[in-house]
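Asker: structure for the following, please:
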Amino acid sequence: MNILMIEDNHSVCEMMAMFLKKQNWQYEFAYDGVEAEEKFNAAPDKWDVILLDLNLPKKDGMQVAANIRRVSPTVPLIMLTARDTESDQVLGLEIGADDYVTKPFSAITLIARIKALYRRSQLAKQPAEQPGTADRDFDVKTKNFRMNTKTREVFLYDQQIDDLTPKEFDLLKTLASKPRQVFTREQLLQLVWDYEYYGDERTVDAHIKKLRQKLEDLGPQVIKTVWGVGYKFDDEAD
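Answerer: Numbers count the residues shown, from 1 in each chain. Next comes the predicted model:
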């Protein structure tokens, strides 16, 4: 695995270097926003996971995250932030981060999150078993929705959706696999994020909002809010 860690605190980088090296992962550090964009843009396909501090010199981490997402909509991105406010965390998730970790953080916890996010992102790179046949073998199907989890093809109202991040894909798959079943935010954290989550449930709301934005122009909204409970998938409405 190749990790790009964007962090201006050299002590944090030195600490993380020991843990990343222990995993036998390749890694590089960028210590400000400008250097981060230069390293990322030089080889966007090189990086398997991006770790991004929001408080950076020269260019703010939010700007860096937005620019990374413009180049690569799907590269796994974890925010590292000392900003423990709802608006900062939700904004970062809406820009396109897959997860966030609030400082000070446990290196062991961060490594676990990197592994979980990387494991799920690799599903997007798996080729179809038999081109021309398996690519039409949809394993999640409802009235107006089709999903092939091997080829990562998604169709809603007969229109293909190409720009889902790994987390958005997994979230949509979880909801659509059980139409009209209501999932609480806690259940979605456990099912989609695939590890013990130390943050709070706002990350679900932020990902739901981003996912809805990508679906809203295709037809009637299929992700419904069940007030006081959570969310459900329902594409039965005309």
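
Asker: and the next helix or strand past the one helix or strand in the chain whose mean pLDDT sits lowest?
Answerer: Least confident helix or strand, the chain: helix 86-95 with a mean of 66, by mean pLDDT, DSSP states H and E. Scanning forward in sequence from helix 86-95 by DSSP states H and E, the next helix or strand is strand 99-102.

Asker: buried set for that next one?
Answerer: Neighbour counts over strand 99-102 (16 or more other CB atoms under 10 Å) mark 99-101 as buried. Heads up, the C-betas are built off the backbone N, CA and C, glycines and all.

Asker: ok, then the element right after that strand?
Answerer: Scanning forward in sequence from strand 99-102 by DSSP H and E, the next helix or strand is helix 107-121.

Asker: show me how far that next one is from its chain's centre.
Answerer: 12 Å (CA atoms, centre = their mean, to the nearest Å).

Asker: now do stretch 1-14
Answerer: Per CA atoms, centre = their mean, the displacement of stretch 1-14 from the mean C-alpha position of its chain is 20 Å.

Asker: contacts for that stretch?
Answerer: 16, 20, 23, 25-33, 36, 39-40, 46-53, 55-57, 61, 64, 80, 114, 118 (CB atoms under 8 Å, 6 or more residues apart in numbering).

Asker: which residue is nearest the centroid of this structure?
Answerer: residue 98 (2.8 Å; CA atoms, centre = their mean).

Asker: ok, which stretches of this protein are helices?
Answerer: Taking DSSP state H to define them, one finds helices in the chain at 10-22, 33-42, 61-71, 86-95, 107-121, 166-176, 185-193, 202-215.

Asker: nearest to residue 153, of these?
Answerer: helix 166-176 (10.4 Å; CB to CB).

Asker: just the angle for the closest one relative to helix 185-193, thanks.
Answerer: 120 degrees (axes from the mean of the first three to the mean of the last three CA atoms, to 10 degrees).

Asker: give me the helices and strands touching helix 166-176, please.
Answerer: helix 107-121, strand 145-148, helix 185-193, helix 202-215, strand 230-233 (3 or more CB pairs under 8 Å, 6 or more residues apart in numbering; DSSP states H and E).

Asker: return the most buried member of the ones you listed.
Answerer: Scoring these by mean neighbour count under mean count of other CB atoms under 10 Å gives strand 230-233 as the most buried, with a mean of 21.

Asker: for residue 69, give its distance to residue 210.
Answerer: To residue 210, residue 69 is 11 Å away according to CB to CB, to the nearest Å.
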